[in-house]
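Student: Build me a structure from this.
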Amino acid sequence: MTLEAYIEKLRLKKRRYDNTPAMRKAIAKRLQSLIAQGFSSAIVDGDTVSDVDVTFSDDGTITTVLATGKDVIFIEFGAGVYYNGSVGSSPHPKGYEFGFTIGSYGKGRGGRETWAYYNDGKVQWTHGTKATMPVFKACEIIKLELPKIIKEVLQND
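Tutor: Alright, predicted model coming up:
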């Protein structure tokens, strides 16, 4: 490698390093968008669209994407055997790792085909919630889009 080629290689590395915050933000914004899309179409209790808020923040060194709401875990990992398989199983690839298996959390009612709970003082019957995995699926998409996102950030430098 010539000296000129080595210097150019170092310039490219410096440019990539200098653009790390912009890359982080671009990835986080795309991830936020994908996750929000996934939660916006998720159905809870058969007819209710989920109430989930997806935000991102950046403090200069750490960029975070956060999904909040009472239905986040149920939509991501599923609840109940009716939609998600047998007790102790998990339709989510990370379900076992994170300890979210069907019928194993809460009061264990997810081991039944149907159960009831109180919602604003009224009895709500449910079959549970199908695991739609918006966070997991968004991360899988980001893995594929990462080279494109980085290229776009570097081109806009």
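Student: Next up, phi/psi of Thr63, please.
Tutor: The phi/psi pair for Thr63 (degrees, to the nearest 10) reads phi -120, psi 130.
Student: if I look at the residue nearest in space to the middle of the chain, how far off is Leu154?
Tutor: In the chain, the centroid-proximal residue (Cα atoms, centre = their mean) is Val135; its distance is 1.4 Å. Distance, Val135 to Leu154, by Cβ to Cβ, to the nearest Å: 27 Å. For the C-beta atoms, the positions are set from N, CA and C on the backbone; glycine is no exception.
Student: so where is the chain shaky, pLDDT-wise?
Tutor: 6, 10, 13-17, 46-48, 157 (pLDDT under 70).
Student: now the helices: where do they sit in it?
Tutor: For the chain, the helices defined by DSSP state H cover 3-18, 20-40, 72-77, 81-84, 95-98, 134-155.
Student: Please put the alpha-carbon coordinates of the third one into CSV.
Tutor: Read that as helix 72-77. What follows is helix 72-77, C-alpha atoms only, in CSV (Å, rounded to 0.1, in the frame of the first residue of the first chain):
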residue,chain,number,x,y,z
VAL,A,72,-45.7,-3.5,25.1
ILE,A,73,-44.7,-6.8,26.6
PHE,A,74,-47.9,-8.6,25.6
ILE,A,75,-47.6,-7.5,22.0
GLU,A,76,-43.9,-8.2,21.7
PHE,A,77,-43.9,-11.6,23.4
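Student: Residues contacting it, please?
Tutor: Residues from elsewhere that reach helix 72-77, judged by Cβ atoms under 8 Å, 6 or more residues apart in numbering: 39, 42, 44, 50, 52, 67, 90, 92, 95, 98, 100, 105, 128-129, 131-136.
Student: Same check on the fifth one?
Tutor: Contacts with helix 95-98, where a contact means Cβ under 8 Å, 6+ apart, come from Phe77, Gly78, Ser90, Thr101, Ala131.
Student: buried ones in that helix?
Tutor: By neighbour count with 16 or more other Cβ atoms under 10 Å, helix 95-98 contains the buried residues Gly95.
Student: Pull the distance from that helix to the chain's centre.
Tutor: Averaging C-alpha positions (Cα atoms, centre = their mean, to the nearest Å) puts helix 95-98 14 Å from its chain's average.
Student: Over to the fourth one?
Tutor: In terms of Cα atoms, centre = their mean, the gap separating the centre of helix 81-84 from the centre of its chain is 21 Å.
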